[in-house]
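J.: Dropping the sequence and predicted coords here.
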Amino acid sequence: MEFDQIIDKARRKGRGAGFNPANRFDRLETRFEPDGWDREEDLPPVRTVVTEERPRKVITRNASPDLSFDRSINPYRGCEHGCIYCFARPSHAYLGLSPGLDFETRLIARPDAPAVLTKELSRRGYDVQPIAIGTNTDPYQPVEKDRQIMRGLLQVLRDFRHPVGIVTKGTLIERDIDLIADMAGQGLAKVGVSVTTLDSGLARAMEPRVPSPARRLKTIERLAAAGIPVRLMASPIVPGLTDPEIERIVTAGAEAGAVAASMIALRLPLEVAPLFRSWLEEHVPLRAARVMARVREMHGGEDYSAEWGTRLTGTGIYADLLQQRFKRAVRAAGLGHRMPALRTDLFRVPPRPGDQLSLF
């Protein structure tokens, strides 16, 4: 085994990562070593711990040419869904934590986010463009059920008539259909729902705390029935593992009511690569070599290439084949690649208590 710090399965039941890789910014590394006593020790299971952060701002800006938005909000840092392939895992290292098990068990909630967002949107000269939520960590991960930070953010955005695009794997979004449908009716909201595979067993292994694929398709159906534009996100496509399902995933999304579809090829930046290789050896050892060979074929012989313009699609014959299959499946299902544009002309700062109201 390439990885000598694997944590016992019984301790990490329901988790995606098998270990905590060292934080790339730390000079010291924490390792488990035998203490010399010849006896078994019962170590506690890995539990989810949530701490709180009081941010000064919540809107994050980006200038990436690969992204269709220039600003986003993350109600939480870390994600309990535990998707082993999650490209956001390396961001936990900036907090002094590991992108492995820490990412999915040591979460940071931002309860003041709605109030801070209100202040940011109220600033004179604010330039209105759609805000993306869920592009790094899922706003509808399990902790949101009690915290309701995402719902608070939506209430602020609705009051300001601000456009928002939401990405999620969580069926908890159905709780907020009242807010999202109201905004969608004004051209202010759209949703992307990620369906990586239709195989419930594979999904449970790759995405241990995400609702089943069938349940996510039901969420697409309920959102669509409420008049909310929904995009099926077949992301990521794992070469040699989930790529045979491309056509079936697209068809299932269309039948559920999605109006558009998109696809991103698997990418394994920084610590995600060793975590994913470890996962392959544990869960699909007979396919591990084939999967990684395909991944490297799409990234110039490496586990990952961060080149602008190709990092989301990969390069080469195999990557081109995946794109061609996906485009053909989208056409056959009667879907488009793009969602309706969101409106920015309705934005207004709502009056506060004590403000003098306009006579006109």
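T.: Okay, I see it.

J.: Mind jotting down where the strands sit in this protein?
T.: For the chain, applying DSSP state E gives strands covering 49-52, 60-61, 71-73, 76-77, 106-109, 131-133, 164-168, 189-194, 230-237, 260-265.

J.: Now Leu157: closest residue in space that isn't a chain neighbour?
T.: Val164 (5.1 Å; C-beta to C-beta, 6 or more residues apart in numbering). C-beta here means a position set from N, CA and C on the backbone, and glycine is covered the same way.

J.: cool, Arg294 as well?
T.: Arg294's closest residue in space is Pro239 (C-beta to C-beta, 6+ apart), at 3.5 Å.

J.: what ranges do the helices span in this protein?
T.: For the chain, the helices defined by DSSP state H cover 101-105, 113-122, 144-147, 149-160, 177-184, 200-206, 213-225, 246-256, 272-283, 288-298, 317-333.

J.: Pick the most deeply packed of these.
T.: Among the helices of the chain, helix 101-105 has the highest mean neighbour count (mean count of other C-beta atoms under 10 Å), at a mean of 25.

J.: before we move on, back to that, Ile59: which of the helices of the chain is closest?
T.: The minimum distance between Ile59 and those falls on helix 113-122, with 5.5 Å, by C-beta to C-beta.

J.: I would like the residues contacting that closest one, please.
T.: With contact meaning C-beta atoms under 8 Å, 6 or more residues apart in numbering, helix 113-122 is reached by 55-59, 73, 75, 126, 149, 152-153, 155-157, 160, 162, 349.

J.: hang on, the earlier thing: help me confirm that the residue nearest to Leu157 comes into contact with Gly134.
T.: No. Using C-beta atoms under 8 Å as the test, Val164 is too far from Gly134 to be in contact (10.0 Å).

J.: Those two - which one has more neighbours?
T.: Gly134 (26 against 23; other C-beta atoms under 10 Å).

J.: List the contacts of that one.
T.: Gly134 neighbours (C-beta under 8 Å, 6+ apart): Tyr140, Ile166, Val167, Thr168, Gly192.

J.: Could you do Gly334 as well?
T.: With C-beta under 8 Å, 6+ apart, Gly334 has these contacts: Ala254.

J.: Against Ile228, how distant is it?
T.: 19 Å (C-beta to C-beta, to the nearest Å).

J.: Not including adjacent chain positions, what is the nearest residue to Asp194?
T.: No Asp there; residue 194 is Ser. Met233 (4.4 Å).

J.: give me the beta-bridge partners of the one you found?
T.: Beta bridges link Met233 to Ser194, Ser262 when assigned by DSSP bridges.

J.: Count residues in the vicinity of it, would you?
T.: Neighbourhood size, Met233 [other C-beta under 10 Å]: 23.

J.: Leu270 now?
T.: Number of residues near Leu270 (other C-beta under 10 Å) recorded here: 18.

J.: Can you name the residues that contact the residue lying closest to it once chain neighbours are set aside?
T.: Distances taken as C-beta to C-beta, 6+ apart put Pro90 closest to Leu270, at 4.2 Å, once the chain neighbours are dropped. Listed by C-beta under 8 Å, 6+ apart, the contact set of Pro90 reads Arg24, Pro99, Pro269, Leu270, Glu271, Val272.

J.: And the pLDDT at the last one?
T.: Meaning Val272. pLDDT, Val272: 98.

J.: wait, it sits on Pro99?
T.: Yes. Applying C-beta under 8 Å, one finds Val272 in contact with Pro99, separated by 7.0 Å.

J.: measure the residue nearest to Leu270 to Thr344 for me?
T.: In this view, Pro90 and Thr344 are 32 Å apart by C-beta to C-beta.

J.: what does Pro21 give?
T.: Distance from Pro21 to Thr344, by C-beta to C-beta: 41 Å.

J.: Which of these two has more residues huddled nearby?
T.: Pro21 (24 against 15).

J.: Can you verify my assumption that that one contacts Phe276?
T.: No. Using C-beta under 8 Å, Pro21 is not in contact with Phe276; the gap is 11.2 Å.

J.: one step back: can you tell me which of the helices of the chain is nearest to Ala63?
T.: Ala63 sits nearest to helix 113-122 of all the helices of the chain, at 18.4 Å, using C-beta to C-beta.

J.: can you tell me which two in the contacts of Gly134 are farthest apart?
T.: Tyr140 and Gly192 (12.0 Å).

J.: neighbour count winner among these two?
T.: Taking other C-beta under 10 Å, Tyr140 and Gly192 do not tie; Tyr140 has more neighbours (27 against 24).

J.: Not counting sequence-adjacent ones, nearest residue to the more buried one?
T.: Leaving aside its sequence neighbours, Tyr140 sits nearest to Gly170 (C-beta to C-beta, 6+ apart; 2.9 Å).
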